[in-house]
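Q: need coordinates for the following:
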Amino acid sequence: MYAILAFDTEDIFFPPEYRIDDVPGWLAEIMSDCDLRGTFFVMGEKLRSLKDRGRVDVIERMTAHDLASHGQGNRHPLIPEILQDKGWDDGVEAMRAYEARVSEEFSDVFGREPVAFSRHNAYFAPQHVAVAGERGISYMYGIARIEGYDQPTWYAGALTFPHGVGTETCIVEGWDTIYSRDEIFEERLSKMDEIVQDRVERGFEYVTVFGCHPVRVMTRGWQEHYVLAGGGTRTPQELGWLYGVKSPEEEARAKGNFRRLMEMLRDHPDVEVVGIEEATRLFSAQPSHIRRDVLALYADAIERAGKPIFQAAFSPAEMVCGFAESLIHAEEHRDLSGEVQRRNVLGPKSLPAIGIEQDTVTHEEVIALCRQVTAHVSEEGGLPANVHTANARIGIGQFALVAARSYQAQARYERYERLRVQATPRYPDAAFEVDAWIRRAIGEHWAMPLDFTCDQMAELARLQTWTMKPAWLRPPQGALAPDGERILL
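A: Now for the predicted structure:
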């Protein structure tokens, strides 16, 4: 099983004499001594602080490991605020500009660009994930997860490593304040070994070990709640106080216990620690084509479910495109193709219709709808929210079921005059879990202004659940039945 060692490196509140800047340096040095590669998720303002304070020693030690973006910093406006009033396209453009500034800091301080993006605190946005996908890098601490598949998850065009959703333990954390506390550390070390062993026995392919926030290893508290509360940004000077710092003796214990954790991971027979760049490479394998038998199985499964469902190797959006292209091929060549190319495709950018505006569609109308879908994907890179007959809108969920039934008929070499348009959900059921997380974790977050709303972000995040699928070292072939069990071919 592969393990990612993650460290969220973000504090600039404490002055140099608190020795907080030392911590990422000795974390990096101990990992290097143990021949392990960690991943530092670093804020742009932390990079600037390290450089301005002349901490070349720390910077050099960190560069032996993977370096990823943890956003610009702990200042308003935060990512959800930036995107509050933005749709998909202007939101993506805003996130490109946001991360471009972080990349400038990385290039200036580390001499290279970040190898991944990450969510800091609850400050998530689907457009942020999509920009990681555009860059061909992954996103850490994603919120999208497919129940029963405790794997990295494709979402909004990027490979994401989930955290904070579902019931499985895909991340081992809780180390922040206990490296200097021997008895508690021993208990946690034993618990981590149990978690890792359980995941190995259950056949999971990865785990994230959240090493720590370096600032919390040494301080006796954290300023973030106070400096960002209620939509405003305050400095520690404006607050008028700082938390205390641990003693040199406690720091020495922390170093020793951190080394013990690293040695345990290094020597574990079932664990291989990799940086997030290597993990991304390992789990980014995707089939290049969707086979006819896979489409046929999925057509049966989606019709029985009566709604968009997940598949073991392809997203619902990819499968809908596969139906459309296959039906067009059958119309032009009198038979379904043996396989169609898998296309990287995002979800819709606006809400699909769910009301029935036309009871049935003819075969000719089905083919015309298929052409609309493929043309929109080619032009926009994502599914249309709706396709149109002469007099009605057909929501993309409704189209998915119509296309599935048309595919079944074509596979059996049957002709039909009309197919019924069914009332179908706008997106997979996971959309409601994503929506609930956003409304709870972001909409009720202490840092957000009192007039903040996450309605538009929640809608766009729901729509991107069309893009979800598990990521694998070796992608399987097959479909998910309505009860969630995988059907392997």
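Q: can you map out the strands along the stretch 251-400 of the chain?
A: Here the stretch 251-400 of the chain has its strands, by DSSP state E, counting those that start in this stretch, at 272-274, 289-291, 339-341, 360-362, 386-388, 393-395.
Q: in JSON lines, list those strands along with mean pLDDT, mean neighbour count and distance to residue 426.
A: Every C-beta, even on glycine, is put in place using the N, C-alpha and C of the backbone. What follows is the strands of the stretch 251-400 of the chain, written out as JSON lines (pLDDT from 0 to 100; neighbours: other CB atoms under 10 Å; distance: least, CB to CB, whole Å):
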{"stretch": "strand 272-274", "mean pLDDT": "97", "mean neighbour count": "19", "distance to residue 426": "37"}
{"stretch": "strand 289-291", "mean pLDDT": "96", "mean neighbour count": "18", "distance to residue 426": "23"}
{"stretch": "strand 339-341", "mean pLDDT": "97", "mean neighbour count": "17", "distance to residue 426": "24"}
{"stretch": "strand 360-362", "mean pLDDT": "98", "mean neighbour count": "16", "distance to residue 426": "19"}
{"stretch": "strand 386-388", "mean pLDDT": "98", "mean neighbour count": "21", "distance to residue 426": "10"}
{"stretch": "strand 393-395", "mean pLDDT": "98", "mean neighbour count": "22", "distance to residue 426": "6"}
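Q: for residue 65, which of those is the nearest?
A: In terms of CB to CB, the element of the strands of the stretch 251-400 of the chain nearest to residue 65 is strand 272-274, at 10.7 Å.
Q: minimum distance to residue 122: which of the strands of the stretch 251-400 of the chain has it?
A: Short answer: strand 272-274, nearest of these by CB to CB, at 27.0 Å.
Q: which elements pack onto that closest one?
A: Judged by 3 or more CB pairs under 8 Å, 6 or more residues apart in numbering; DSSP states H and E, the packing partners of strand 272-274 are strand 2-9.
Q: residues of the helix or strand that the strand it packs on is followed by that come out buried?
A: Using DSSP states H and E, the helix or strand that directly follows strand 2-9 along the chain is helix 22-33. Across helix 22-33, burial judged by 16 or more other CB atoms under 10 Å covers 22, 23, 24, 25, 26, 27, 28, 29, 30, 31.
Q: other SSEs contacting helix 22-33?
A: On a contact count with 3+ CB pairs under 8 Å, 6+ apart, helix 22-33 meets strand 2-9, helix 56-62, helix 214-218, helix 248-267.
Q: name the strands paired with the next helix-or-strand element following it and say parallel or antiparallel.
A: As assigned by DSSP H and E, the chain's next helix or strand after helix 22-33 is strand 39-42. Strand pairing for strand 39-42, using DSSP bridges, gives strand 2-9 (parallel), strand 66-69 (parallel).
Q: quick one: which of those is nearest residue 147?
A: Evaluated over those, closeness to residue 147 peaks at strand 2-9, with 21.9 Å, by CB to CB.
Q: where does the stretch 101-250 of the chain dip in pLDDT?
A: Counting by pLDDT under 70, the stretch 101-250 of the chain contains low-confidence ranges at 164-169.
Q: that one: helices as residue ranges?
A: 126-135, 182-201, 214-218, 224-228, 236-239, 248-267 (DSSP state H, counting those that start in this stretch).
Q: can I get those helices in CSV including mean neighbour count and distance to residue 170?
A: Converted to CSV, these look like this (neighbours: other CB atoms under 10 Å; distance: least, CB to CB, whole Å):
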stretch, mean neighbour count, distance to residue 170
helix 126-135, 24, 17
helix 182-201, 14, 8
helix 214-218, 25, 22
helix 224-228, 16, 24
helix 236-239, 12, 35
helix 248-267, 16, 16
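Q: using TSV, lay out those helices together with distance to residue 81.
A: Shown next, in TSV, are these (distance: least, CB to CB, whole Å):
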stretch	distance to residue 81
helix 126-135	13
helix 182-201	35
helix 214-218	23
helix 224-228	11
helix 236-239	20
helix 248-267	35
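Q: closest one to residue 320 among the ones you listed?
A: Nearest of those (CB to CB): helix 126-135, 18.6 Å.
Q: can you spell out which helices and strands pack onto that closest one?
A: Judged by 3+ CB pairs under 8 Å, 6+ apart, the packing partners of helix 126-135 are helix 88-109, strand 116-118, strand 138-142, strand 158-162, helix 455-463.
Q: what lies in contact with the shortest one?
A: To tie it back to what came earlier, the one meant is strand 116-118. Outside of strand 116-118, the residues within contact range by CB atoms under 8 Å, 6 or more residues apart in numbering are 8, 39, 41, 66, 68-71, 99, 128-129, 131-132, 137-141, 158, 276-277, 280.
Q: before we move on, back to that, pick the most deeply packed of the strands paired with strand 39-42.
A: With neighbours taken as mean count of other CB atoms under 10 Å, the strands paired with strand 39-42 reach their highest mean count in strand 66-69, at a mean of 27.
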